[in-house]
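Asker: Sequence first, then the predicted structure, then my questions.
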Amino acid sequence: MGRRVSRLFSVIGWNILILAVGLLAIEAIFGGWFSASGFGTLHIPRNVELRHDVTDSGKNSFIAIYRRDQWGLRGAHESPGHIDVLAVGGSTTNELYVDDSQTWTAVLQQRFAAAGRTVVIANAGIDGHSTVGHLNSFELWFPHVPDLKPKFVLFYVGINDVQVEEHSRYDTITPKTRWRRFQRYVSNKSALNSAFRTLRGMVRARSARLVYLKNPPDIRPIEGKPVFDAASHDVRIGKYAARLTALASKTREWGARPIFITQRRGDAFTIDGKNYATSLNALKDRLIQTLFNAATLRVCRDIREICIDLAGEIDLTAADFTDAVHTRPTGSRKIGFYLYDKLKDIF
């Protein structure tokens, strides 16, 4: 009896050893452990496919598909080397709950295709990123995407920089603690982990997560004016302007041309000379955003780059938003059409 047990444990031990050696061989051959390139400790969503059941007020249901490729980019492109335009921004560019075919970047590419022109646009939007995060992307993310050499970089920025301190945990791109950095490093290097994530993504993609989108912002006539001290934002705006200049420099060093686009909010409007907003505070937020938009245009014009005042020109209504800053597909479509008219003679 003792010999049988001993023999059984011996067989199990050898099988475990063979399995371990096999797994190590797989990691050595297919993993990135011996490569200097790769994503290291970088925390960028990659190899993602999500399906959101985007239910509008419990009435209309639509499955919105959200994909990011192995390089962390969204959009219809065969490989990074085919990308002509890179869109950089926060969640208003990423558009988590908008279908791949309905984001403003996708609509812009479709408009060029409808005109018989091939312009490949990739979406590098990351939720929570301000211009601090975009600068980190140029240092830590984009250099690891092989053959990525766009001709233009669209910067759809400003909203997250109004309260830039609140976005620091997103902007760092890499985890703060050593343990989390180690986990991220193993995750990015391991071939087995990559296979596991792919399989998990396939399973998750078979089902849709139900998302109840909020109703459009409920704007109403607002009497009076908010307490607003423009000078109190001078320091933050000065730092924002410096980051815009740095982004332009990094884009030119890349061999591309920067294009800066202002942003607008969806919770405050001026209609026929009268203010409409969800609250007096929303009206104040719009005034602050106006200061940052002015800084975007001022810096852009000073460095003689392409400036697009979307905030001041586009015809968006509260119905085109799902909250204070994020657009519904109707709003994203308007943005895509608007930008096409601005860029069709530039690209």
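Answerer: Looks like it arrived, so ask away.

Asker: where along the stretch 51-200 of the chain do the strands fall?
Answerer: In the stretch 51-200 of the chain, the strands defined using DSSP state E, counting those that start in this stretch lie at 60-68, 85-89, 121-123, 152-156.

Asker: Take the ones you listed and lay them out in a markdown table including mean pLDDT and mean neighbour count.
Answerer: Where C-beta positions appear, they are placed from N, C-alpha and C, glycine not excepted. Below are the strands of the stretch 51-200 of the chain laid out as a markdown table (pLDDT from 0 to 100; neighbours: other C-beta atoms under 10 Å):
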| stretch | mean pLDDT | mean neighbour count |
| --- | --- | --- |
| strand 60-68 | 85 | 16 |
| strand 85-89 | 98 | 27 |
| strand 121-123 | 98 | 27 |
| strand 152-156 | 98 | 23 |
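
Asker: want to throw those into TSV with distance to D53?
Answerer: Shown next, in TSV, are these (distance: least, C-beta to C-beta, whole Å):
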stretch	distance to D53
strand 60-68	6
strand 85-89	25
strand 121-123	22
strand 152-156	27
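
Asker: Next, the contact list for G72, please.
Answerer: 44-46, 124, 141, 145 (C-beta atoms under 8 Å, 6 or more residues apart in numbering).

Asker: These, buried ones only, as a PyMOL selection?
Answerer: Selection of buried members from the contacts of G72 for PyMOL, criterion 16 or more other C-beta atoms under 10 Å:
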select buried, resi 44+46+124+141+145
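
Asker: farthest pair in the contacts of G72?
Answerer: Spatial extent of the contacts of G72 (C-beta to C-beta) is set by the pair P45 and V145 at 13.9 Å.

Asker: Quickly note the distance from Y170 to E78.
Answerer: Using C-beta to C-beta, to the nearest Å, Y170 is found at 29 Å from E78.

Asker: Comparing the two, which residue is more hemmed in?
Answerer: Y170 (19 against 8; other C-beta atoms under 10 Å).

Asker: what residues are up against the residue lying closest to the more buried one once chain neighbours are set aside?
Answerer: By the measure of C-beta to C-beta, 6 or more residues apart in numbering, the closest residue to Y170 outside its immediate chain neighbours is G128, 2.9 Å from it. Contacts for G128 were tallied using C-beta under 8 Å, 6+ apart; they are 90-91, 160, 167, 169-171.

Asker: so can I have JSON lines of those showing distance to L154 and pLDDT?
Answerer: Output for these, formatted as JSON lines (distance: C-beta to C-beta, whole Å; pLDDT from 0 to 100):
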{"residue": "G90", "distance to L154": "13", "pLDDT": "97"}
{"residue": "S91", "distance to L154": "15", "pLDDT": "96"}
{"residue": "N160", "distance to L154": "16", "pLDDT": "95"}
{"residue": "H167", "distance to L154": "20", "pLDDT": "66"}
{"residue": "R169", "distance to L154": "25", "pLDDT": "73"}
{"residue": "Y170", "distance to L154": "20", "pLDDT": "72"}
{"residue": "D171", "distance to L154": "19", "pLDDT": "75"}
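
Asker: Separate out the buried members of these.
Answerer: Listed as buried from the contacts of G128 are 90-91, 160, 167, 170-171; burial here means 16+ other C-beta under 10 Å.

Asker: Show me which of those is closest to T330.
Answerer: S91 (17.6 Å).

Asker: Tell me how far that closest one lies from V325.
Answerer: Distance from S91 to V325, by C-beta to C-beta: 8 Å.
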